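> take a look and give me a structure for this.
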Amino acid sequence: MEDKIIVEISYTDKDIRNAVFEVINRINSLWVLSVCAFFVLGLVLFITIKNGFSAYYNGLLIVFLIISLLFFAIYYIYPINRYIKVYKIWKVSTFIFTSENIEIIRDYAQSICKWTMFIKACELKRYFILVDINKSLTILPKSAFGDESDIEKFKNILASKMKLLK
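Okay, the predicted model is just below:
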């Protein structure tokens, strides 16, 4: 008999925000750019203070602050808010995982996906993230799985279908 894992997920804004933030920082490694931007800002601020807040350094500081805020908005706030909107529409989702396919049941739709639709998976501390061919994320909180045996079965299915990043 085929292993079937049934996961019913009621998404919360906090789950989505935490999961997307972890994905941005772990998978995309944008945290490196954040550290570099804050290092440059700190350096410019230090030079500005050391040289008496001249107009040139004040202007330079303002430019770097604006660039940093734009970076933060584009790479953190916008994707997180976009995913929150999508998951609010989904409300409650039921996923049925088998070794052959994934069945997704929502109030307004039901679909069956082949595993080939997903190109990679990532296991985070509290979530599984599936990345599909369109680079969209499917967030699966570990707390939604029935027990540890379901999580292990799911990991085994993932490992047989694609590379599981940790």
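
> quick one: mean pLDDT over the helix or strand encompassing residue 71.
If you go by DSSP states H and E, residue 71 is part of helix 55-72. For helix 55-72, mean pLDDT is 76.

> show me what that helix is packed against.
In terms of contacts (3 or more CB pairs under 8 Å, 6 or more residues apart in numbering; DSSP states H and E), helix 55-72 is packed against helix 31-50. All C-beta spots, glycine's among them, are computed from the backbone N, C-alpha and C.

> helices of this protein, start to end?
Along the chain, the stretches classed as helices by DSSP state H are 13-26, 31-50, 55-72, 78-90, 148-161.

> packing partners of the fourth one?
If I follow you right, that is helix 78-90. Here helix 78-90 touches helix 13-26, strand 137-141, going by 3+ CB pairs under 8 Å, 6+ apart.

> lowest-confidence stretch among the ones you listed?
Among the helices and strands packed on helix 78-90, helix 13-26 carries the lowest mean pLDDT (a mean of 78).

> how about it: buried residues?
Counting neighbours by 16 or more other CB atoms under 10 Å, one finds that the buried residues in helix 13-26 are 15, 16, 18, 19, 20, 22, 23, 24.

> who's in contact with the helix holding residue 71?
Here helix 55-72 makes contact (CB atoms under 8 Å, 6 or more residues apart in numbering) with 33, 34, 37, 38, 40, 41, 44, 45, 47, 48, 51.

> residue 81: how many residues sit nearby?
15 (other CB atoms under 10 Å).

> how far away is it from residue 129?
18 Å (CB to CB, to the nearest Å).

> likewise residue 148?
Residue 148 is 19 Å from residue 129, by CB to CB.

> ok, now residue 90?
If you go by CB to CB, the gap between residue 90 and residue 129 works out to 15 Å.

> related to what we said a few turns ago, now do the helix holding residue 71: distance to the chain's middle.
28 Å (CA atoms, centre = their mean, to the nearest Å).

> ditto for stretch 50-60
With CA atoms, centre = their mean, you get 38 Å for stretch 50-60.

> now the end-to-end length of that stretch.
Taking CA to CA, to the nearest Å, the first and last residues of stretch 50-60 lie 14 Å apart.

> how many other residues sit next to residue 51?
Residues lying near residue 51 (other CB under 10 Å) number 10.

> next up, phi/psi of it, please.
Dihedral pair for residue 51: phi -100, psi 20, per degrees, to the nearest 10.
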